[in-house]
Structure formats: C-alpha cells, structure tokens
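Asks: Starting from these lines, generate the structure:
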Amino acid sequence: MGVLDPIAGFGVTFKTMFRKTFTEQYPAKPKVTAPRFHGRHQLNRWPDGLEKCVGCELCAWACPADAIYVEGAQNTEDERFSPGERYGRVYQINYQRCILCGLCVEACPTRALTMTNEFELADDSRASLIYEKSRLLGPLLPGMEAPPHERRLGDDEQAYFLGLPNTGRPDDRAGDLGGTVPQPMNQGYLNRKRKEA
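Replies: Presented below is the predicted three-dimensional model:
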C-alpha cells in the first residue's frame, strides 16, 4: 500500500463532488421505468375479448413465493370465457408475497400473463394487496366483447389461434385501435390518493 493510494481512492469522490446533482421528482411527477421493468401482472385477452388464460396453473407451480392461486374450470357452449377447453375461473396474486421475479410469465404457455410497468402496489390494507382476476384482466379495447361469448376470429380453431393467412395487410379483426388511450399508471402515490378522494 503506497502513500498515494488514499488520494487515488478519493479521486472518484472529488470528481463527482462538484457535478450537478439530479433529483428525481417522483412523488410529484410520474416516474418513467425501463421498458422491460417487472411491475404489476396483467392477464391478456385475445383480439375478440376472450381470455388467454386456460387455467393450467403452471404459473402457480412456477412461483417461488407461492403468491399465485388459480382454479381452472371447463368452458361450455353456453358460457365460453377462453377459446380452449378450460379457463381460469379463479385467479389471484398476493402482492404481499410476490417478489416480481417474472418466473410465472416464463411458465405461461399461452402468453396470458405478462408484467406491466406499473410499480405502485403499496396500499393501506392487506386485503387490497390480493389482486383478483377482475383487477388483473387487461382492459377491453375497441372491437373486443366482454366474455362469455363464442369465438369470433375464425371458423375453426386453426384460424383462431394461427390468425389469418398472409394477405399483405395488417390483422384488423379487433377493429380500429387508433383512438385507444392507455390507462395512466405510476402517477405517484400522493396523486393517486388525491384522485380517489
């Protein structure tokens, strides 16, 4: 250890000491997250509004924190919630246990479960941190119909799941999505409480 080693160690400190600081104004202004940020989960829908979740429970098995509870049920011809044979009748995520690791998303065979950029999950009660299926389902976009209903995207399962043949035009089976405005998220805890009041 030389005599100049402490001076070299403080070099980084002295170099950054006179730089202009950057202050995050998060509670007052929305915070922008990275594109691949692991935030709140979302259950996705097909373009006709049917749920992608088939109730296979693979996400619950993959969860290391045991934070996901799924009960599957059979679709009937009168009540169809997903295009397959089954759907997730009960779907819960306990955010008191969830570590937002994303293993559930990797385990999902239908890409029904994804993670959004929403990170404001804190709340005043424990019960409100258990998200039910109604809070997890993605919004109905224009052209979507709330289930239960028949499959609307093709005459048979192959046309439904694989999409239309390549015609050189974009797939517009869900209607025009041009005027869709996404829901605001990560507005700051104080701003969210003001809007609720």
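
Asks: part of a helix, is residue 128?
Replies: Yes. Under DSSP: H, G, I helix; E, B strand; the rest coil, residue 128 sits within a helix.

Asks: Now do it against residue 94, distance only.
Replies: For residue 128, the distance to residue 94 equals 11 Å [Cβ to Cβ, to the nearest Å]. Where C-beta positions appear, they are placed from N, C-alpha and C, glycine not excepted.

Asks: which residues of the protein score low on pLDDT?
Replies: Of all residues in the chain, those with pLDDT under 70 make up the ranges 1, 154-159, 161-197.

Asks: quick one, helices of the chain?
Replies: Ranges of helices within the chain are 5-17, 58-62, 103-107, 133-136, 157-162, 189-196, based on DSSP state H.

Asks: is it true that residue 48 touches residue 152?
Replies: Yes. Between residue 48 and residue 152 there is a contact under Cβ atoms under 8 Å: 3.9 Å.

Asks: Please say which of those two ends up with more neighbours.
Replies: residue 48 (20 against 17; other Cβ atoms under 10 Å).

Asks: Leaving aside the residues adjacent along the chain, what's closest to residue 123?
Replies: Excluding its sequence neighbours, the residue lying closest to residue 123 (Cβ to Cβ, 6 or more residues apart in numbering) is residue 129, at 5.6 Å.

Asks: How much space separates that neighbour from residue 35?
Replies: As judged by Cβ to Cβ, residue 129 and residue 35 stand 26 Å apart.

Asks: Neighbours of the residue nearest to residue 91 when sequence neighbours are not counted, how many?
Replies: Closest residue to residue 91 apart from its sequence neighbours, by Cβ to Cβ, 6+ apart: residue 133 at 4.0 Å. A count of nearby residues for residue 133, using other Cβ under 10 Å, gives 18.

Asks: Is residue 133 in contact with residue 81, as I believe?
Replies: No. Counting by Cβ under 8 Å, residue 133 stays clear of residue 81, with 10.0 Å between them.

Asks: List the buried residues in the biggest strand by length in the chain.
Replies: Longest among the strand segments of the chain by residue count, using DSSP state E, is strand 86-94. Of the residues in strand 86-94, 86, 87, 88, 91, 92, 93, 94 count as buried by neighbour count, 16 or more other Cβ atoms under 10 Å.

Asks: show me what contacts the last one?
Replies: Counting by Cβ atoms under 8 Å, 6 or more residues apart in numbering, residue 94 touches 67, 68, 69, 129, 130, 131.

Asks: for the fifth one, same thing?
Replies: Residue 92 is in contact with 68, 69, 70, 130, 131, 132, 133, counting by Cβ under 8 Å, 6+ apart.

Asks: Mind putting those into CSV with distance to residue 20?
Replies: Output for the contacts of residue 92, formatted as CSV (distance: Cβ to Cβ, whole Å):
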residue, distance to residue 20
68, 45
69, 49
70, 50
130, 44
131, 41
132, 46
133, 48
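
Asks: Just the buried ones from these?
Replies: For the contacts of residue 92, a burial check counting by 16+ other Cβ under 10 Å picks out 68, 70, 130, 131, 133.
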